[in-house]
Structures are given as C-alpha cells and as structure tokens.
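Trainee: only geometry, no sequence info:
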C-alpha cells in the first residue's frame, strides 16, 4: 500500500496536517515500508500452493496438508525459516509426492498404490511386489508380501520400510529385498 493510499484511510483532520518532514509523514512512510513484504507475498500467493514453485521452507507445510509429514526425516517438522526441510531422498522427491498425493491416496492399501508411492518417493523404477510368497515349507504364506526394491534404493532403506509399513493393509506382513 503506497503512502497516498494510506493517507486516504486517515480521518480528514489528519489528512490536512500531512506535510513533508513532519512526524506524521514519517510514520506513513514507515507504514508503507512495513507492508511491502506482505504485499509482495500476496502478489504471488499462487506460487505458495504449487509444490514446484513454493519456497523450500514452505514444502513441509504442503506435505502436512496432504498427510506426508510422517515420511519426513527426524526433526523436519521444525519451523525454521532458514534451514531447508529434509526428506531422505531429497526435497525434489517430496515435491513430487505432494503433487501425486491425491492420486496415491486413491490407490492406498493396494499393491499398485504401494509401488507407485515407492517409485515416486525414491525416484527409482522397478519395484516388484509379490503376494504369493512361499514359506520354508514351500506353501504360500497367507497375508504376506515380498517387496523387491532396486539396489540403488538401498540408501533409502528406512524410508522404503516406512512406506511399506504405512501403505500396506494392517494385517499383512512383509519382507524387503534389494536386488
């Protein structure tokens, strides 16, 4: 808001007394400066809701809105304005997950949904999920899945385990192999 716009909001008696170099003129000038950062943000507000364009420090908030904060690294929920948030496979992957969150929630609890979630979170293709896993006796283990992950995702083992645990049905057990 510019000085002349602020002046129009003042009562008439104040408007008549505004002269350059007076304390009232200085206060109005300070008011203009104080509002400038907020006006800049409001001028580009749509960028804050686009995961690809939002500042790094705002990404954790978007992740919380789509229920992804549970996958962020320890301490990532900090509200520090200077430190970027952390996500095990990188901030770019977290942005991709935020974009895909609605689609992924549609497939939650399914093998397809789990594979898509794992691929989006790690950036690697080739996750294989098997439902008919033989036990030691050779018979199929009921309610058990085997997840074969690409070898390049092994540094993200904790994240992969967490995703499997959160995305599979509660009654299903699992094992994870890196191939």
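Mentor: Yes, it's here. Note that the coordinates shown come from a computational prediction; the quantities given were computed from them, not determined experimentally. Numbering: from 1, shown residues only.
Trainee: count of neighbours near residue 112?
Mentor: Using other CB atoms under 10 Å, residue 112 has 10 neighbouring residues. In this view, the C-beta of every residue, glycine as well, is placed from N, C-alpha and C.
Trainee: so which strand or helix has it?
Mentor: helix 111-122 (DSSP states H and E).
Trainee: what lines up beside the next helix or strand along the chain from that helix in the sheet?
Mentor: The helix or strand immediately downstream of helix 111-122 is strand 128-130, counting by DSSP H and E. Strand pairing for strand 128-130, using DSSP bridges, gives strand 144-149 (antiparallel).
Trainee: average pLDDT across the partner strand?
Mentor: Across strand 144-149, pLDDT averages out at 96.
Trainee: ok now that strand, how far from the chain's centre?
Mentor: When C-alpha coordinates are averaged (CA atoms, centre = their mean, to the nearest Å), strand 144-149 and its chain have centres 27 Å apart.
Trainee: Distance of the nearest residue to residue 95 once chain neighbours are set aside relative to residue 141?
Mentor: Using CB to CB, 6 or more residues apart in numbering and skipping the chain neighbours, the partner closest in space to residue 95 is residue 51 (4.4 Å). Distance, residue 51 to residue 141, by CB to CB, to the nearest Å: 39 Å.
Trainee: ok, residues contacting stretch 105-119?
Mentor: The contact list for stretch 105-119 (CB atoms under 8 Å, 6 or more residues apart in numbering) reads 66-67, 97, 100, 103-104, 125, 127, 129, 131, 145, 147, 149, 153, 160, 163-164, 167-169.
Trainee: let's see it at 7 Å
Mentor: 104, 125, 127, 129, 131, 160, 163, 164, 167, 168, 169 (CB atoms under 7 Å, 6 or more residues apart in numbering).
Trainee: pretty sure the fifth one is touching residue 145, no?
Mentor: Yes - applying CB atoms under 7 Å, one finds residue 131 in contact with residue 145, separated by 5.8 Å.
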